[in-house]
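**Student:** here is a sequence with its predicted model. Questions after.
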Amino acid sequence: MSSFVRITDVSPRDGLQNEPGVISTDEKIRLVESLCETGVDEIEVTSFVSARWVPQLGDAAAVLSGVRTRKPPGMCFSVLVPNDKGMEAALRANDSAGARLIDKVAVFTAASETFAQRNTNASIGETIERFRAVVGAAHANGLVVRGYVSCAIACPFEGPISPVRVAEVVQRLRDLGVDELDLGDTIGAGDAASIRAMLIEVDRVWPVSATDEAVRSGRGLCTLHLHDTFGRAATCVGEALRSGVRSFDGATAGLGGCPYAGTAERPAPGNVDTGLVVRAAERAGYETHVDLTRLEGAAQLARSITSRARALA
Ligand code: HMG
Ligand code: MG
């Protein structure tokens with residue numbers, strides 16, 4: 001098992017998708033540029049979803065074009081895509097860049113039917129059918145595919161989700177040929193016991209423990225995507241590390257969350273702060289590539305961009 005932990009910052013996508021105000025394309029580009037300096041292994045730059053569903057990220061192609069020349073060697077850029085239309089847009093972005101700008105596409109489903117329906121207007125089965133064309137096109141173009149499973153611990157609408165249901169969805173993604181699994185505790189309901197129980201069940205169909213090669217390339221990995229709603233994310237990171245997980249998502253400054261994981265009375269909780277994940281991994285004796293001082297610089301920029309936009313919203 002690897003002594004190294006891979007860190008993906010999802011703030012430009014999962015952070016900004018839930019902002020009430022309008023963040024300009026230039027500000028999004030500045031945030032990605034700033035994250036490029038922090039040493040994170042991967043940045044989820046944006047999403048090619050319907051702008052009617054997520055207007056905040058309707059400028060995905062322009063953001064990618066703006067960060068084209070700032071991608072450091074070895075850095076992985078990923079984008080979220082829900083279907084073949086999103087995949088075509090991602091491939092067009094690579095074509096216009098004249099290079100492999102996007103290295104990975106992320107498809108997303110859930111272990112909860114209600115959440116899948118609200119988030120993508122489709123059942124779990126229908127989302128997975130949509131991914132078939134995405135996985136084929138991604139692999140034909142040399143791109144890695146990440147498969148998210150939201151509500152891996154609990155659903156905001158259905159409550160606790162059984163680990164067996166999570167493993168069933170994981171198996172379907174595995175059969176489809178995704179390269180990386182990403183388990184989302186979408187509302188931050190997890191604690192050490194529920195994270196352990198879920199990982200034990202998932203491990204039956206997708207190996208949770210990561211090799212050095214998987215950590216380096218992102219292929220074959222099981223990643224954990226936490227939200228820190230009840231202040232238990234650091235404990236969950238520690239538990240996941242003990243179970244062999246070596247890859248975590250975070251969002252700078254703890255921004256964001258899924259706009260379809262909340263209601264007007266109970267908004268979706270923010271993602272776990274990337275800095276908290278890095279510190280938890282380092283405390284447990286693991287190495288990352290992240291420079292925490294530079295990461296704090298990116299967090300300050302994220303806070304200033306979002307607070308200005310919130311004040312105007
Ligand atoms: P739909 O309305 O059922 O789709 O949405 P449709 O196929 O009927 O198409 C409707 C219109 O959208 C059409 O346009 C399509 O062309 C267009 P019209 O002809 O009416 O002008 N369309 C698109 N446009 C741009 N890009 C596309 C695309 N696809 C269709 N890719 C759809 C279905 C999946 C598109 C929609 O539900 C959607 O975009 N959902 C995305 C919601 C979202 O982004 N949620 C947040 C991300 S998930 C998350 O945050 C959780 C995660 O972080 C992990 C965790 O925390 O658990 C990953
Ligand atoms: Mg999230």
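**Tutor:** In hand now; what should we look at? Ligands and ions are numbered 1, 2, ... in the order given.
**Student:** which other residues reach the lowest-mean-pLDDT helix or strand in the chain?
**Tutor:** Across the helices and strands of the chain, mean confidence by mean pLDDT, DSSP states H and E is lowest for helix 212-217: a mean of 86. For helix 212-217, contacts defined as Cβ atoms under 8 Å, 6 or more residues apart in numbering pick out Ser2, Phe4, Val5, Arg6, Val144, Arg219, Gly220, Leu221, Arg246, Ser247. (Each C-beta comes from the backbone N, C-alpha and C, glycine too.)
**Student:** hmm, try it at 6 Å
**Tutor:** Ser2, Phe4, Arg6, Gly220, Leu221, Arg246 (Cβ atoms under 6 Å, 6 or more residues apart in numbering).
**Student:** likewise stretch 289-304?
**Tutor:** 7, 11, 31, 34-35, 37-40, 252-253, 255, 275, 278.
**Student:** what's the answer for stretch 135-148, then?
**Tutor:** For stretch 135-148, the surrounding residues in contact (Cβ under 6 Å, 6+ apart) are 87, 104-108, 173, 176-182, 184, 218.
**Student:** so how do I select the buried members of the contacts of stretch 289-304 in ChimeraX?
**Tutor:** Of the contacts of stretch 289-304, the buried ones can be selected in ChimeraX as follows, counting by 16 or more other Cβ atoms under 10 Å:
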select :7,11,31,34,35,38,39,40,252,253,255,275,278
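**Student:** in helices only, show me the contacts of stretch 289-304.
**Tutor:** Secondary structure from DSSP state H places Leu31, Ser34, Leu35, Gly275, Val278 of the contacts of stretch 289-304 in helices.
**Student:** excluding sequence neighbours, find me the nearest residue to the last one.
**Tutor:** Leaving out its chain neighbours, the residue that sits closest to Val278 by Cβ to Cβ, 6 or more residues apart in numbering is Val290, at 4.8 Å.
**Student:** would you turn the contacts of stretch 289-304 into TSV with distance to ligand 1?
**Tutor:** Formatted as TSV, the contacts of stretch 289-304 follow (distance: Cβ to the nearest ligand atom, whole Å):
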residue	distance to ligand 1
Ile7	16
Ser11	11
Leu31	17
Ser34	21
Leu35	17
Glu37	24
Thr38	20
Gly39	22
Val40	16
Thr252	15
Ala253	16
Leu255	12
Gly275	18
Val278	19
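**Student:** any chance of a markdown table for the contacts of stretch 289-304, columns pLDDT and distance to Phe157?
**Tutor:** Formatted as a markdown table, the contacts of stretch 289-304 follow (pLDDT from 0 to 100; distance: Cβ to Cβ, whole Å):
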| residue | pLDDT | distance to Phe157 |
| --- | --- | --- |
| Ile7 | 98 | 30 |
| Ser11 | 97 | 25 |
| Leu31 | 98 | 31 |
| Ser34 | 98 | 35 |
| Leu35 | 98 | 32 |
| Glu37 | 97 | 39 |
| Thr38 | 98 | 35 |
| Gly39 | 97 | 37 |
| Val40 | 98 | 32 |
| Thr252 | 96 | 28 |
| Ala253 | 94 | 27 |
| Leu255 | 92 | 23 |
| Gly275 | 97 | 31 |
| Val278 | 98 | 32 |
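**Student:** among the contacts of stretch 289-304, which two are most distant?
**Tutor:** Gly39 and Leu255 (19.0 Å; Cβ to Cβ).
**Student:** name the residue of the stretch 101-250 of the chain that lies nearest to ligand 1.
**Tutor:** Gly184 (2.4 Å; Cβ to the nearest ligand atom).
**Student:** was I right to think Arg232 contacts Asp191?
**Tutor:** Yes. Contact criterion Cβ atoms under 6 Å: Arg232 and Asp191 qualify, at 5.2 Å.
**Student:** these two: which is more packed in?
**Tutor:** Arg232 (21 against 14; other Cβ atoms under 10 Å).
**Student:** quick one: the strands in the stretch 101-250 of the chain?
**Tutor:** In order along the chain, the stretch 101-250 of the chain carries the following strands (DSSP state E, counting those that start in this stretch): 104-110, 144-150, 154-155, 159-160, 180-184, 222-225, 247-250.
**Student:** for those strands, give me TSV that also has mean pLDDT and mean neighbour count.
**Tutor:** Formatted as TSV, the strands of the stretch 101-250 of the chain follow (pLDDT from 0 to 100; neighbours: other Cβ atoms under 10 Å):
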stretch	mean pLDDT	mean neighbour count
strand 104-110	98	25
strand 144-150	98	26
strand 154-155	97	22
strand 159-160	98	10
strand 180-184	98	26
strand 222-225	98	25
strand 247-250	98	28
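**Student:** need the ones you listed in CSV with distance to Phe77, can you?
**Tutor:** Shown next, in CSV, are these (distance: least, Cβ to Cβ, whole Å):
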stretch, distance to Phe77
strand 104-110, 7
strand 144-150, 11
strand 154-155, 30
strand 159-160, 35
strand 180-184, 14
strand 222-225, 16
strand 247-250, 14
